[in-house]
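> Provided below for reference: sequence and predicted model.
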Amino acid sequence: MTATGILIAIVVVGLLLVMYGVGIYNRLVTLRNRLENAFSQIEVQLKRRYDLIPNLIETVKGYMAHEKDTLEAVINARNQAVGGLQNASAKPGDPAAMKELMVAEQALGGSLGRLFALAEAYPDLKANENMAQLTEELTSTENRVAFARQAYNDSVTIYNTYRQTFPPVVFAGMFGHNQDAELLEFDSEAIAEAPKVSF
């Protein structure tokens, strides 16, 4: 083989490697974008829930005036969850941001659960049409959050699996994909499942 033939072979192999690297980069970007889009679907549903909570508090406040601590706990948990969502929205998949959101959502789920448990003791509140409508909307939103969270977790799993396989694992760090994305798991039953409240 001549020197020219060897040089051509090296250039061809080099071009193939560059094209392969570009393919890996494009796939990582595509999967990351899907993950971020899936998180934005969770964000929409969580914002919807956060917007319903002040209406819920206003509805129950008149009936549960002496349950001020519970109402304040719900408001504080909601505010923490809003902050956690803002941080997570800025960095979807970031382990620290996802953990912050998970902790905030767990606290919100717990405080909402306590509020609904206390509401059971108020027959007039249970008969309130606005309360029934808000409960239905919250239940519907919880179901949407669960579906969106599943889609997000599926996207995270696909991204992480591709990023960890060979040869993408060799290139991932060079392309700015240095860490796995974090799954979003809500430990609280009040969040993981639709609230079971009968009014």
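Thanks, I have it.
> C-alpha only now, for contacts and for neighbours.
Will do.
> Now that residue 134 has come up, it's in contact with residue 52, right?
Yes - in this structure residue 134 lies within contact range of residue 52 using Cα atoms under 8 Å: 7.2 Å.
> Show me what the helix of greatest length in the chain is packed up against.
In the chain, assigned by DSSP state H, the helix with the most residues is helix 3-61. Judged by 3 or more Cα pairs under 8 Å, 6 or more residues apart in numbering; DSSP states H and E, helix 3-61 is in contact with helix 68-90, helix 129-164, helix 168-172.
> Recalculate using a threshold of 7 Å.
Judged by 3 or more Cα pairs under 7 Å, 6 or more residues apart in numbering; DSSP states H and E, the packing partners of helix 3-61 are helix 129-164.
> model confidence over the longest helix of the chain, on average?
Across helix 3-61, pLDDT averages out at 94.
> what's the spacing between it and its chain's center?
Between the centre of helix 3-61 and the centre of its chain there are 15 Å (Cα atoms, centre = their mean, to the nearest Å).
> With stretch 1-9 instead?
54 Å.
> could you list every residue that touches residue 49?
For residue 49, the contact set (Cα atoms under 7 Å, 6 or more residues apart in numbering) comprises 138, 141.
> got the angle between the longest helix of the chain and helix 129-164?
Angle of helix 3-61 versus helix 129-164, following axes from the mean of the first three to the mean of the last three Cα atoms, to 10 degrees, is 160 degrees.
> Can you check what angle separates helix 3-61 from helix 68-90?
160 degrees.
> quick one: stretch 144-163 to chain centroid distance?
For stretch 144-163, the separation from the chain centroid amounts to 9 Å (computed by Cα atoms, centre = their mean).
> Other residues contacting that stretch?
Residues outside stretch 144-163 that contact it (Cα under 7 Å, 6+ apart) are 31-32, 34-35, 38-39, 41-42, 45-46, 168-169, 172, 180-184, 192.
> Right, I'll call it a day here.
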